[in-house]
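>>> Need a 3D model of the following:
(2 chains)
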Amino acid sequence: MILISGSWIPGEICTCQDDLMLSCTGLRKNFKNGKSLVFPDFELKAAEELLILGPSGCGKTTLLNILAGLLKPDAGLMTFLGIDFLALSASEMDHFRGKNIGLCLQKPVFIRALSVLDNLLLSQRLAGVDQNRSEAICLLKELNLESTADQNTERLSAGERQRLMFIRALINHPKLILADEPTSALDDYNAQVLIKMLKSHCVQHGAALIVVTHDQRVKSHFNQMIILS
Amino acid sequence: MNLIWLPWKNLWLHPLRTVFNIMLVAIAVALIVILLLINAQFGQHLGKSSEKIDAILAAKGSPLQSVLCNIFHLDAPTGNIKVGEIKPFLRAVHPLIANACPLALGDSYHKSRIIGTTDSYFRWMELSLREGRMFEQDFEAVIGSELADLEHIRTGDTLMSNHGLTALDLDTKHEHGLRVVGILNNKNNLADKLIFTTISTYWKEHDHGDTEGELSAHQDTPVLRNSDLDNIDNDKTLTSVLIQFKGHNIQSLNFVRNVNEGSKLMAVSPAIEISRLYELTGTASDMLYWIAVIIGILSMFAIFINLIQALEERRPELGILRIGGASRSLLFGMTMIEGLLISLIGTITGWLLAHGLLEMFSHLFDLNSRYGIKGLYLAPGEWILILLSAISGLVAALIPSVRAYREEIARLLRL
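From the prediction side, this is the model:
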């Protein structure tokens, strides 16, 4: 069994219940090969951000998938917006996730049959929010993707796909943004723009941000970190 | 962004595969619809044309040929019968016969047959005039409305008839023309395409070799009614007599057998011959049905395989939809819609194809005039076929849809 030690930087756990967004306690994931990952407890308030660092294979993505409700932990508690997130039924979870969580996967996946813009509008439709074309265009503009709006997603470069994925994650104004290696395919300039955009969204919409990465360029932008080992 | 739009767009990710599926469904549906249309219309045509006729008296030969010739005006006559042999059956006081109508056949105008008959035919078949009057003299004719409209024939026009019934005979024109004196109301049956004249016109057209005495005896006396035949020489010939019984009793049932055994005439029951005709054509029709059904089943498999393949290819996309908030039921529904779209498009294409092709063939091969078959017709049971086809698309999509429903997000995204 591999025990993962975690530490808060600056090391404080927020106990303020008023604007507590996310609380995770005793999360553990077992694997078929006998390996077990135990994650540190942490809490996040609205507009707070957290960086999860660690070497490859230490369980960063697994933790992110558990936080997104894509994987079920074998033990632990997770409260999100005052709701026992892990106790939700599958359909409740789908609905809750669509409305409240913006997820950026390591590998961008889009609906190939749809254009860039339609992918964003579909995301709004699935989350049950009003489809706002002008907002989608505005976000595309912000990340310099406006010219690709009517293109098929297959024709985008790796960097463009990664930026588009972020727009999709932000378009419904989620309360929790989870990003897995968000800057891996981006140059320095676009990486800076993206991180600033994520942070400004969090402040603007009172959302919590969790970023999993091993990209050292990102480190300086975050004041809270967990280092998984 | 409407959610129905997504399955539609997904279909066209692989256009060739989708078009192939749609074509398979369309071919199966088109084949079945064509068979339905032909069977329904041909059956109706046969029934409508023969419903009032219980028996035919004609020269001995093929009974089926006799029915085809005397009722459906398709085949050649089996031969001629003498007036003397049929006189007893034309009497108004016959104990078994309610209606009897003599026919003289063998000439045509373009593709329409010329029928020499008496006024009994018009009363019996309930034919009325749209314009003009009934023929009162020889070489006067009354024609069907469809023929009049198609050939732009008006009353007062003269038709130069041909001796014979086939294209080979078209060059053998008669010396005298038939003057059109009346046009019948449309009845939506064979009468709409026929030309009617007196039996005596036939004799005058054909009896060139007869003795002068025979001809002159009746030259100015047109045969307009059955009773006029009483005064006609027994050796004069005509083609057949159509008969309707007063009732269906033992005597009427024995009528055909009695005539066949006790006279030189052949008596034929159209109902029996038509059922024989159905038996002959039924096997080919059944075979085509089964071929269509097999193609239909193949198209279902093709839809199934298409959806399974598409599902495999789009697993991460389904995962993304779930992450975005799509429920399992929504994925199930969208996969079902894909199957339904293929089957519906295929069904509509096949349905239009069947009707369009049949209408085209009807014009090209004169199917409407000859067999009452056209494309612009709705056969009973077509809507059931459309419903079944749509259901088959749903059945084919069921297993892939259940798979889309049951998959965990982690498996879809291969986490």
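>>> Can you pull the poorly scored residue ranges out of chain A?
Across chain A, the ranges flagged by pLDDT under 70 are A:1-18.
>>> That one: strands as residue ranges?
Listed in chain order, the strands found in chain A under DSSP state E are A:8-9, A:20-30, A:36-38, A:42-45, A:49-53, A:75-80, A:83-84, A:101-104, A:176-180, A:208-213, A:225-227.
>>> Give me whichever of those is most buried.
strand A:101-104 (a mean of 26; mean count of other Cβ atoms under 10 Å in any protein chain shown). Where C-beta positions appear, they are placed from N, C-alpha and C, glycine not excepted.
>>> Pull up the pairing partners for that one, direction included.
strand A:176-180 (parallel) (DSSP bridges).
>>> Now for residue A:41, how many residues are close by?
14 (other Cβ atoms under 10 Å in any protein chain shown).
>>> Now do the helices for chain A: every range, in order, please.
Using DSSP state H, the helices found in chain A span residues A:60-67, A:90-100, A:116-127, A:133-142, A:158-170, A:188-205, A:216-219.
>>> Kindly reformat those helices as a markdown table containing mean neighbour count.
Output for those, formatted as a markdown table (neighbours: other Cβ atoms under 10 Å in any protein chain shown):
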| stretch | mean neighbour count |
| --- | --- |
| helix A:60-67 | 24 |
| helix A:90-100 | 19 |
| helix A:116-127 | 23 |
| helix A:133-142 | 16 |
| helix A:158-170 | 22 |
| helix A:188-205 | 16 |
| helix A:216-219 | 14 |
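>>> And the ones you listed: which comes nearest residue B:257?
helix A:90-100 (77.2 Å; Cβ to Cβ).
>>> what would the helices of chain A look like in JSON lines with distance to residue B:34?
Formatted as JSON lines, the helices of chain A follow (distance: least, Cβ to Cβ, whole Å):
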{"stretch": "helix A:60-67", "distance to residue B:34": "56"}
{"stretch": "helix A:90-100", "distance to residue B:34": "47"}
{"stretch": "helix A:116-127", "distance to residue B:34": "40"}
{"stretch": "helix A:133-142", "distance to residue B:34": "47"}
{"stretch": "helix A:158-170", "distance to residue B:34": "50"}
{"stretch": "helix A:188-205", "distance to residue B:34": "61"}
{"stretch": "helix A:216-219", "distance to residue B:34": "68"}
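>>> which one of these lies closest to residue B:375?
helix A:116-127 (40.3 Å).
>>> Next, the angle helix A:133-142 makes with the closest one.
130 degrees (axes from the mean of the first three to the mean of the last three Cα atoms, to 10 degrees).
>>> Helix A:116-127 near chain B anywhere?
Yes. Counting by Cβ under 8 Å from any Cβ of the partner chain, chain B is contacted by helix A:116-127 at A:118, A:121-127.
>>> Out of those residues, the closest to residue A:60 would be?
residue A:123 (24.5 Å).
>>> dump the residue contacts of the closest one.
If a contact means Cβ atoms under 8 Å, 6 or more residues apart in numbering or on different chains, then residue A:123 has A:168, A:171-172, B:324 as its contacts.
>>> now, the most widely separated pair of those?
Using Cβ to Cβ, the pair of the contacts of residue A:123 lying farthest apart is A:171 and B:324, separated by 10.1 Å.
>>> Then residue B:100 would be within a helix, right?
No. According to DSSP: H, G, I helix; E, B strand; the rest coil, residue B:100 belongs to no helix; its state is strand.
>>> hang on, it packs against residue B:242?
Yes. The pair formed by residue B:100 and residue B:242 meets the contact definition of Cβ atoms under 8 Å, at 7.1 Å.
>>> how about the one residue in the stretch 201-350 of chain B that gets nearest to chain A, secondary structure?
The nearest approach of the stretch 201-350 of chain B to chain A comes at residue B:325, 1.7 Å away (Cβ to the nearest Cβ). Under three-state DSSP, the three-state class of residue B:325 is coil.
>>> need the contact list for it.
Counted by Cβ under 8 Å, 6+ apart, residue B:325 has contacts A:94-95, A:97-99, A:126-128.
>>> same question for the helix or strand residue B:24 falls within, mean pLDDT?
Using DSSP states H and E, the element containing residue B:24 is helix B:15-50. If you average the pLDDT over helix B:15-50, you get 89.
>>> Then stretch B:59-76?
91.
>>> List the contacts of it.
B:45-46, B:49-50, B:53, B:56, B:58, B:77-81, B:103, B:105, B:113, B:115, B:165, B:190, B:194, B:239-240, B:242, B:264-266, B:268, B:270, B:272-274, B:276-277, B:370.
>>> tell me which residues in it are buried?
Within stretch B:59-76, the residues scored as buried using 16 or more other Cβ atoms under 10 Å in any protein chain shown are B:59, B:63-73.
>>> how about a markdown table for those, with secondary structure added?
Converted to a markdown table, those look like this (three-state DSSP):
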| residue | secondary structure |
| --- | --- |
| B:59 | strand |
| B:63 | helix |
| B:64 | helix |
| B:65 | helix |
| B:66 | helix |
| B:67 | helix |
| B:68 | helix |
| B:69 | helix |
| B:70 | helix |
| B:71 | coil |
| B:72 | coil |
| B:73 | coil |
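>>> wait, which of the residues you listed is closest to residue B:357?
Nearest to residue B:357 out of the buried residues of stretch B:59-76 is residue B:72 (Cβ to Cβ; 23.8 Å).
>>> Can you tell me which residue of chain A sits closest to chain B?
Closest point on chain A to chain B, by Cβ to the nearest Cβ, is residue A:98, at 1.7 Å.
>>> For residue B:331, see how far away the nearest residue to that residue once chain neighbours are set aside is.
Excluding the flanking residues, the one nearest residue A:98 by Cβ to Cβ, 6 or more residues apart in numbering or on different chains is residue B:325, at 1.7 Å. With distances taken as Cβ to Cβ, to the nearest Å, residue B:325 is found 12 Å from residue B:331.
>>> who's in contact with the strand or helix carrying residue B:130?
Residue B:130 belongs to strand B:129-132 when assigned by DSSP H and E. Strand B:129-132 has contacts (Cβ under 8 Å, 6+ apart) with B:142, B:145, B:155, B:180-186.
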